Structures are given as C-alpha cells and as structure tokens.
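J.: please find the sequence and the predicted model below.
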Amino acid sequence: MKIKTLGEFGLIERVKKKAIPLKSAVLGIDDDCAVIDYTKDRYLLLTVDMLIDGVHFNLRKAGPKRVGRKALAVSLSDIAAMGGVPKYCLISVGLPPNMPVKVVDDFYAGFVKLAKEYKVELIGGDTNKSDKLICDVCVVGEVEKHRLVKRSGAKIGDKIYVTGRLGGSIKVKQYNFTPKVKEARILVKNFKVNAMIDISDGLSSDLRHIAESSNTGALIYEKDIPISKGSSLKGALTDGEDFELLFTMPGNVNEKVLTKKLGVRVSMIGEIVAEYKNVTIVDKSGKRVGLKPAGYRHF
C-alpha cells in the first residue's frame, strides 16, 4: 500500500496505533499541541511544523523574510488554539549548499522579528544540507490548567464562532497573517470556550476535526460565513491557511461583544448539534447540504 492510499489523516491514525500509550502526557497526537503536566497550575504545550519550499511556500515569489516569518507563525497559531502563551522555539533547517548566505540571513531576520514581537526565545535547532529550503519549527508554550482548550470539548448547543474572514489566503495572507495568541488569551480569560482550533486545513476540515473529536455534529449557515474580499464560499470552506480561530461556546454571546473585546471581527456561523460527525451547511435558500471535508492534503 502506498502513502497516498492512506492519505494524511489515515497515516496519522496508523502512527497513533503504533505509538506508546500515554503515561505522563495529558494529550498526545489528537490536537494542535501535545500537553504535558508541568507545574501545579500549568501545562506545557508543544507543537512542531515542517514547511518545505514548493509545498508550503514559494521562496522565489515570497522572499526569505516572509518565509521565515511564516515558519514561526504557523506554530504560534497552534499555541493560540490551545489558549496558551508561546515561550520558546527551536528551528531545524535544510539548506542547499549553493544558496546565498544573504537568503539565509533574511530568512532568520523574518523569523527572529516575529519571535521578538511575541517574546519567544530561540533556544536551539539544527542545520543540514538539502536540495531545497526546509524548515522545521518546534514551539514550547504554557497555559494555566483551567484555561486549556482542546478541540474535543464542544457541547451540543454550543454556538460556533470564527475570527476574521476566510478564503483566498494563498494570495497574500498565508505569509502575513497574525497568529491569534492575544485574541485567544482574551477568550480563555473572559469567556467559557469549550473547543477551539486554528483554521489551517480549511473551515470544512477543521470544523469536522472539532465535531469528530467532540463526538458531535455541526450545523453552519452560508449567509453567516465571513468571506474574504475576492474569495468565494468554496474558498472560505476549503482554501486553508487562514489561521483564524474557530471556537465554540455555550449560550448566545453576541458577535459585537466578542468583536469589541477581541479587537478583531468575530462571526457566529452555526451551532454544535447531536448528529455524530455530520457537518452540514444551510445554503441561502434554506437547503441543508452535507459538507464533506475538503482542503489541503499532503498525500
């Protein structure tokens, strides 16, 4: 059997079955970050993301500074999705030997600039030879135990919210998006957030991650989905790399209240329902359509 037959998530499930069962870890391969018991009142968060030229970015078109920024930003977004604060990072890079040093300098300039903005300390890494630029970033963060948010916590009746606008990220946003660490911290400090994830694979896929992990379904409304200028409903559902926060909360917290509190647009797009693993969209005519997960897949 070939990897493409399994697909990305089939491969992950295969690895999970072979992994040593968790003993001291609180959460393993099932969320944006692994969670480790750390101190009496805090958890340690760990996440790692590998980016490859020609797969996750175009070095020639984007330029090394923006690629370096993105290399760190995607992992900061994972820490945000758990409600945490990033503290440290490590980076391993694969570099072509004939690559100009100026390109490497600029790559790290973009990386370090964002690290300083988020007060994240670069504490190590590795360098190797490769045919193209490859970067693998690990970020370590922490979160108060009572503020940890997982994708598996959604409850039937929760409202579904999303920050920002979705779709069209491949044009510009994938390089200049703002990891929503500050916004996530405001959420977990001021509201009861039951489940949260960052939108990296696309709304349709990441909402399904929440539904499957929480043993629930989800119902969203086309009219309420915030679509980026120049994009489309399909783009909002499937483009991925928006790196906005997708979260669920009980009650009926007003979007305007959340928008004012977070300082970014927040839209309520639906609710968590009982139909296990079913994600449904209600189109503008009122027709219900089953929403299949679609978005970027590695295999």
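T.: Now that the structure is in, tell me what you want to look at.

J.: contacts, neighbours, all on C-alpha from now
T.: Will do.

J.: quick check, Arg42 in contact with Val143.
T.: Yes: using C-alpha atoms under 8 Å, Arg42 makes contact with Val143 at a distance of 5.5 Å.

J.: any shared contact partners between those two?
T.: Common contacts of Arg42 and Val143 (C-alpha atoms under 8 Å, 6 or more residues apart in numbering): none found.

J.: list the contacts of the closest residue in space to Pro179 that isn't next to it in sequence.
T.: Distances taken as C-alpha to C-alpha, 6 or more residues apart in numbering put Ser77 closest to Pro179, at 4.7 Å, once the chain neighbours are dropped. Going by C-alpha under 8 Å, 6+ apart, Ser77 touches Pro179, Lys180, Val181, Asp198, Phe243.

J.: and the helix or strand where Met268 lies, what does it pack against?
T.: Element membership for Met268 (DSSP states H and E) is strand 266-273. In terms of contacts (3 or more C-alpha pairs under 8 Å, 6 or more residues apart in numbering; DSSP states H and E), strand 266-273 is packed against strand 159-163, strand 217-221, helix 255-262.

J.: and the one helix or strand Ala71 maps to, how far out from the chain's middle?
T.: Element membership of Ala71, judged by DSSP H and E, is helix 64-81. When distances are taken as C-alpha atoms, centre = their mean, to the nearest Å, helix 64-81 is centred 10 Å away from the chain's centroid.

J.: got a markdown table for the contacts of Ser77, with neighbour count and distance to Leu233 too?
T.: Output for the contacts of Ser77, formatted as a markdown table (neighbours: other C-alpha atoms under 10 Å; distance: C-alpha to C-alpha, whole Å):
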| residue | neighbour count | distance to Leu233 |
| --- | --- | --- |
| Pro179 | 26 | 23 |
| Lys180 | 24 | 23 |
| Val181 | 22 | 26 |
| Asp198 | 30 | 19 |
| Phe243 | 29 | 17 |
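
J.: can you add pLDDT and give these back as JSON lines?
T.: JSON lines is the format used below for these (pLDDT from 0 to 100):
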{"residue": "Pro179", "pLDDT": "97"}
{"residue": "Lys180", "pLDDT": "97"}
{"residue": "Val181", "pLDDT": "98"}
{"residue": "Asp198", "pLDDT": "96"}
{"residue": "Phe243", "pLDDT": "95"}
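
J.: quick check, nearest of these to Ala81?
T.: The shortest approach to Ala81 among those belongs to Asp198, at 5.5 Å (C-alpha to C-alpha).

J.: residues touching the closest one, list them.
T.: Neighbours of Asp198 in contact, by C-alpha under 8 Å, 6+ apart: Asp32, Ser77, Asp78, Ala80, Ala81, Asp206, Phe243, Glu244, Leu245, Leu246.

J.: closest to Leu22 out of the residues you listed?
T.: Asp32 (16.6 Å).

J.: distance check, the residue lying closest to the closest one once chain neighbours are set aside against Asp49.
T.: Of all residues not flanking Asp32 in the chain, Asp78 sits nearest, at 5.2 Å (C-alpha to C-alpha, 6+ apart). Per C-alpha to C-alpha, to the nearest Å, Asp78 is found 9 Å from Asp49.

J.: now do the helices in the stretch 101-250 of the chain.
T.: Counting by DSSP state H, counting those that start in this stretch, the stretch 101-250 of the chain has helices at residues 101-117, 173-176, 181-190, 203-214, 233-238.

J.: picking that back up, show me what the strand holding Met268 is in contact with.
T.: For strand 266-273, the surrounding residues in contact (C-alpha under 8 Å, 6+ apart) are 154-164, 211, 216-222, 224-226, 248, 255-256, 258-259.
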